[in-house]
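**Student:** I need the structure of the sequence given here:
(chains A and B)
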Protein chains: 2
Amino acid sequence: MFSERIDRLTSSLVRDILSATQRPGMISFAGGLPAPDELPVPDWSGIPASAAQYGQSEGEPALREAIAEHARSMGIVCDASQVLVVSGSQQGIDLVSKLFIDPGTPIITEAPTYLAALQSFELFGAVCHGVSLGKDGIDADALRTAASATDARLTYVIPTFQNPSGTCYSAETRTAVAAAADDLGLTIFEDDPYRELVYDEVDRTPICAHINRASWIYQSSFSKSFMPGIRVGYLIASPGLMPHLVRLKQATDLHTNRFGQWLAHGHLTSPMLPERLAHLRSAYSAKRDAMEAALREHFGDLAEWTTPPGGLFFWLRLRVPIDTRALLPAMLERGVAFMPGEVFFPATAPSLGYMRLNFSHAGEEQMRSGVAMLAEAVRDTPAL
Amino acid sequence: MFSERIDRLTSSLVRDILSATQRPGMISFAGGLPAPDELPVPDWSGIPASAAQYGQSEGEPALREAIAEHARSMGIVCDASQVLVVSGSQQGIDLVSKLFIDPGTPIITEAPTYLAALQSFELFGAVCHGVSLGKDGIDADALRTAASATDARLTYVIPTFQNPSGTCYSAETRTAVAAAADDLGLTIFEDDPYRELVYDEVDRTPICAHINRASWIYQSSFSKSFMPGIRVGYLIASPGLMPHLVRLKQATDLHTNRFGQWLAHGHLTSPMLPERLAHLRSAYSAKRDAMEAALREHFGDLAEWTTPPGGLFFWLRLRVPIDTRALLPAMLERGVAFMPGEVFFPATAPSLGYMRLNFSHAGEEQMRSGVAMLAEAVRDTPAL
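**Tutor:** Purely as a prediction, here's the structure:
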């Protein structure tokens, strides 16, 4: 009765856990939610009456211009005609899946990678081949080998404060990955929602800024540094991809909501933006440091991790590789939500014994007690 | 390089024409746009700060309750757990396509039908079999015959003020179509965005309210009676379909924007709603009557039509069946936009010599001169 893709349809564990985290008193390390205190209050003054009417599929012209200018400041060669405003980053992933993926299409992802991207790619039938993440990103030679071995034409990467691992690619890796894409004609799909949440000095030049010949799609979002509730993100693509992406957007939801686009434009062009981002970085880096301290106290003998230089997550590698999915029901029962790391690995590269802990949402007191409870559960779980 | 579906990706002529209609002074009969004067001014007072945060994939609980109550008042047996808020009706079509359609899947539509639905169904690979619309809707026996002959499991219908034809199914046809669905186990996908725009007394009971055993999806939107710019619509589905639809929504865009949902909830639960709808009906029925008068004057000898008892469109059948697509470029040049009727027919049931004219958007003066110019162009076009 249903389409074949329904056999491949999985639930997003993140979204399922999010329902559980609505319970009062729950300590949530699960999602990538902004801290409630950091959410701006929307200012609707001056919004034109026309925002209530249908809009253009490509997005609001003023917002597209502002996004293109912002992207050029990062080194991406583009103009506004290459910008497609989307209903959040997840829609960007849906549109790119529609553009490239048939049942059986091989693609390359990092291992681990963003689980809702895997969910979308696999729904459309992709076979996701993982290339292992090291501390400087994926190895460009391993990418070349994997692309040749699998005949993959599309590579999905999150080079800056990667989800789930917090990894930030080194400058050398960024240029090496771009060179591999140029040499092999590999399309790069770069997802960059966390770049403004930077706490330590690192190179954040988009890989797409280093590409000379290959096709590319750069994606970002207003969900992490502004407001997720507006559901506004954007793609910027090499010119040959745009006509297809615009038509796919038409067929998918006509256009992105205009009230959200108007708020996003106000955010991006506000003279207060640098100050607002500085405040956000300061607040979140303090939370990162608080979680680091709690982890040192409770997980020092249980796990290894790298302090994330930005983003929203700690990524723990347990010294004893238990399946952390087995811990989740009891922890939710006890009022602590976290993300088991296993779900972030493509099916071709399974891996056990990882946990992703978000540090932006919980308060410091909650953080300490939640980390202690998690550590206790890990300590009490026998190895496989 | 691209997926196979890109070979089936067509542009929406409606969306393409919409860009042309942004030109100052253009008289547009093309889209289904609300009149600018009828767009409400959003009232943001009382919106909770949490609207800026991520929300639930299913939609805001209060909005889902209000929608379920509204649907029950129309005779649909449902509760809030069966409601999925979507980012506009077009997304509902995308999700239903994902749920049911593989390359080659046969489905049944009305002929003519909503062209962006055809666009989505065909993008996913459906073979759309058209059943001819008569003045009371499709013939239920013809539906039974088509379903048996094609082995189609899904039927897409717009029974109330159909787009493009303005047809409103009779009460007898509604029950007969529901009975056919029950007998054959045919899933009904009922699209109902125009129901509140009613000018004459007709039966508007949803077909889904008459279904006893078959699966069904009822869809509506806030775009026609409230604001399209918020991009909020909804599906209500028989219980067995909901878990799949919710997961598909997760993978597609996580959730619908919360500011728009909040406005939609305010609209649906406002004590002013009956008064507001009465005003809208009165304004649009006056426009309908003005266009009817202009058509009688200029198209009386050129075309036949039925006065639409609701909705947004006149559907002209030209006495000489020219391909009206050929008229479009010159008419756009002269400042008049309309929709050629040919694009509303599925590829399996092509038909020439129809035009769809929207009456909600243009002012009365524009309407008269635009209709006169169109008639002149039709009169000057030689038969094929």
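**Student:** excluding its backbone neighbours, what's nearest A:F338?
**Tutor:** Spatial nearest neighbour of A:F338, chain neighbours left out: A:F29 (4.5 Å); criterion: Cβ to Cβ, 6 or more residues apart in numbering or on different chains. The way it works is simple: take the backbone N, C-alpha and C, and place the C-beta from them, glycine included.
**Student:** what about A:R64, neighbour count?
**Tutor:** The local packing of A:R64 (other Cβ atoms under 10 Å in any protein chain shown) involves 23 other residues.
**Student:** can you list the strands that the longest strand along chain A pairs with?
**Tutor:** Scanning chain A for the strand with the most residues, using DSSP state E, yields strand A:127-134. Sheet pairing of strand A:127-134 (DSSP bridges) gives strand A:106-111 (parallel), strand A:137-138 (antiparallel).
**Student:** tell me the mean pLDDT for the first one?
**Tutor:** Read it as strand A:106-111. Mean pLDDT, strand A:106-111: 98.
**Student:** tell me the first helix or strand C-terminal of it.
**Tutor:** Under the assignment DSSP states H and E, the closest C-terminal helix or strand after strand A:106-111 is helix A:115-123.
**Student:** touching chain B at all, that following helix?
**Tutor:** Yes. Helix A:115-123 comes into contact with chain B (Cβ under 8 Å from any Cβ of the partner chain), by way of A:116, A:119-120, A:123.
**Student:** just checking, what packs against that helix?
**Tutor:** Other elements packing on helix A:115-123 under the criterion 3 or more Cβ pairs under 8 Å, 6 or more residues apart in numbering or on different chains; DSSP states H and E are helix A:13-21, helix A:89-100, strand A:106-111, strand A:127-134, helix B:242-253.
**Student:** and of those, who's closest to B:R319?
**Tutor:** When the helices and strands packed on helix A:115-123 are compared by Cβ to Cβ, helix A:89-100 sits nearest B:R319, at 42.0 Å.
**Student:** returning to that earlier point: can I get the helices and strands packed on helix A:115-123 in CSV including distance to B:F314 and mean neighbour count?
**Tutor:** Formatted as CSV, the helices and strands packed on helix A:115-123 follow (distance: least, Cβ to Cβ, whole Å; neighbours: other Cβ atoms under 10 Å in any protein chain shown):
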stretch, distance to B:F314, mean neighbour count
helix A:13-21, 44, 18
helix A:89-100, 35, 27
strand A:106-111, 48, 25
strand A:127-134, 50, 20
helix B:242-253, 34, 22
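**Student:** adding distance to A:F344, write the ones you listed out as TSV.
**Tutor:** Converted to TSV, these look like this (distance: least, Cβ to Cβ, whole Å):
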stretch	distance to A:F344
helix A:13-21	10
helix A:89-100	15
strand A:106-111	8
strand A:127-134	10
helix B:242-253	16
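**Student:** and those, which one is worst for confidence?
**Tutor:** For those, where the average pLDDT is lowest is helix A:13-21, sitting at a mean of 74.
**Student:** so how far is it from its chain's centroid?
**Tutor:** How far helix A:13-21 lies from its chain's middle: 17 Å, per Cα atoms, centre = their mean, to the nearest Å.
**Student:** swap in stretch A:258-271?
**Tutor:** Offset of stretch A:258-271 from its chain centre (Cα atoms, centre = their mean): 21 Å.
**Student:** got it, and stretch A:166-179?
**Tutor:** In terms of Cα atoms, centre = their mean, the centre of stretch A:166-179 is found 17 Å from the chain centre.
**Student:** picking up where we left off before, list the contacts of the longest strand of chain A.
**Tutor:** Residues outside strand A:127-134 that contact it (Cβ atoms under 8 Å, 6 or more residues apart in numbering or on different chains): A:104-113, A:118, A:121-122, A:138-139, A:142-143, A:146, A:150, A:152, A:162, A:165, A:167, A:345-349.
**Student:** now list the buried members of these.
**Tutor:** Among those, the ones that count as buried by 16 or more other Cβ atoms under 10 Å in any protein chain shown are A:105-113, A:118, A:121-122, A:138-139, A:143, A:146, A:152, A:162, A:165, A:167, A:345-346, A:349.
**Student:** in stretch A:371-384, what's buried?
**Tutor:** The neighbour-count check on stretch A:371-384 (16+ other Cβ under 10 Å) flags A:371, A:373-375, A:377-378, A:381 as buried.
**Student:** low-confidence ranges in the stretch 151-300 of chain A?
**Tutor:** Applying pLDDT under 70 to the stretch 151-300 of chain A picks out no residues at all.
**Student:** helices of that one, start to end?
**Tutor:** A:171-184, A:242-253, A:258-269, A:273-299 (DSSP state H, counting those that start in this stretch).
**Student:** what is the orientation angle of the second one with helix B:89-100?
**Tutor:** This means helix A:242-253. Note on geometry: by axes from the mean of the first three to the mean of the last three Cα atoms, to 10 degrees, helix A:242-253 and helix B:89-100 are set 90 degrees apart in direction.
**Student:** packing partners of helix A:242-253?
**Tutor:** When contacts are defined as 3+ Cβ pairs under 8 Å, 6+ apart, helix A:242-253 sits against strand A:83-86, helix A:89-100, helix B:89-100, helix B:115-123.
**Student:** partner strands of the first one, parallel or antiparallel?
**Tutor:** Pairing partners of strand A:83-86, with direction, according to DSSP bridges: strand A:233-237 (antiparallel).
**Student:** for the partner strand, give me every contacting residue.
**Tutor:** With contacts defined as Cβ under 8 Å, 6+ apart, strand A:233-237 is touched by A:59, A:67-68, A:71, A:76, A:78, A:82-89, A:91-92, A:95-96, A:193, A:208, A:215-223, A:245.
**Student:** restricted to buried residues, select the residues you listed in PyMOL.
**Tutor:** Buried subset of these, written as a PyMOL selection, criterion 16+ other Cβ under 10 Å:
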select buried, chain A and resi 59+67+68+71+76+78+82+83+84+85+86+87+88+89+91+92+95+96+193+208+215+216+217+218+219+220+221+222+223+245
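**Student:** I'd guessed A:R319 sits against A:G300; true?
**Tutor:** No. At 10.4 Å, A:R319 does not count as touching A:G300 under the criterion of Cβ atoms under 8 Å.
**Student:** of these two, which one has the most company?
**Tutor:** A:R319 (13 against 10).
**Student:** possible to save the helices of the stretch 151-300 of chain A as TSV with distance to A:A20?
**Tutor:** TSV is the format used below for the helices of the stretch 151-300 of chain A (distance: least, Cβ to Cβ, whole Å):
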stretch	distance to A:A20
helix A:171-184	37
helix A:242-253	28
helix A:258-269	27
helix A:273-299	20
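**Student:** which ones are touching the closest residue to A:S225 other than its chain neighbours?
**Tutor:** In space, A:S225 comes closest to A:E196 once its chain neighbours are excluded; the distance is 4.1 Å by Cβ to Cβ, 6+ apart. Residues near A:E196 by Cβ under 8 Å, 6+ apart: A:224-225, A:277, A:280-281.
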